[in-house]
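Asks: 3D model of this:
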Amino acid sequence: MESRHFEQALLHQLQGTRRLAIIGIGADLREDDVVGNLLARELIGEIKQSMDASHNGSYEYTDEERIQSGNLLVLNATVAPELYLSLVKSFAPDRVIIIDAASMGAKAKPGDLAFITPAELDASTFSTHTISLRYFVEILKTMGLDAEFAIIGIQPANLGYGEALSQPVEETKAFLKTLFLRYLTNKFLKA
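Replies: Residues are numbered from 1 along each chain as shown. From the prediction side, this is the model:
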């Protein structure tokens, strides 16, 4: 999806959100698969730095893992999102955004973005996660979480062993970081 159209679609989905959870998922040593983790870590760091500088409000912070302040939770769930089921459920968001690398077919180019609904996920598809995202969402719903879910998929270029992101995926991560920070600053981190 083109950046401008993606931004409009994301802002439309976020309209009316009162409590937001953003969850990054991926494997640290699998090249582009780490994009969700890196984005979450960078958001966590930027939000903490902003809150420390402004002395505005209190927050709960765990180094590179999560930050929770008021109606916002940003979480780096790595390859084990199931470890955070209780945390997400108790936070009680009305909107959950999950960011992960996702293979979106032969026509997708590295760095391409798309919204994937939980219904579109195949529970049996190979994944670097310990449980599929579909099961993660289903378990939260079974636990009674009444939230809207959106998964942002980023087409990877490389999924071998390594720590570097490909340039197109790095550019997409930077775009998403800027977009989220602008939205979060206006909606959740205001004085």
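
Asks: verify the stated contact: Ala27 with Gly36.
Replies: No - counting by C-beta atoms under 8 Å, Ala27 stays clear of Gly36, with 9.5 Å between them. All C-beta spots, glycine's among them, are computed from the backbone N, C-alpha and C.

Asks: by mean pLDDT, point me to the weakest helix or strand of the chain.
Replies: strand 60-62 (a mean of 83; mean pLDDT, DSSP states H and E).

Asks: point out where the protein drops to low pLDDT.
Replies: 1, 56-57, 121-131, 191 (pLDDT under 70).

Asks: contacts only, for Ala102.
Replies: Ala114, Ile116, Ile151, Gly153, Ile154, Gln155, Pro156 (C-beta atoms under 8 Å, 6 or more residues apart in numbering).

Asks: give me the sheet partners of the least confident helix or strand of the chain and which way each runs.
Replies: Strand 60-62 has the following strand partners under DSSP bridges: strand 66-69 (antiparallel).

Asks: which other residues reach the strand it pairs with?
Replies: Outside strand 66-69, the residues touching it (C-beta under 8 Å, 6+ apart) are 43-44, 47-48, 51, 57-61, 73-76, 87, 91, 188-189.

Asks: for the helix or strand following it, packing partners?
Replies: Where DSSP states H and E defines the elements, the next helix or strand beyond strand 66-69 is strand 72-78. Applying 3 or more C-beta pairs under 8 Å, 6 or more residues apart in numbering; DSSP states H and E, one finds that strand 72-78 contacts strand 20-25, helix 35-54, strand 66-69, helix 85-91.

Asks: run the chain-centre distance for the shortest one.
Replies: Relative to its parent chain, strand 66-69 has a centroid offset of 13 Å by C-alpha atoms, centre = their mean, to the nearest Å.

Asks: thank you, goodbye.
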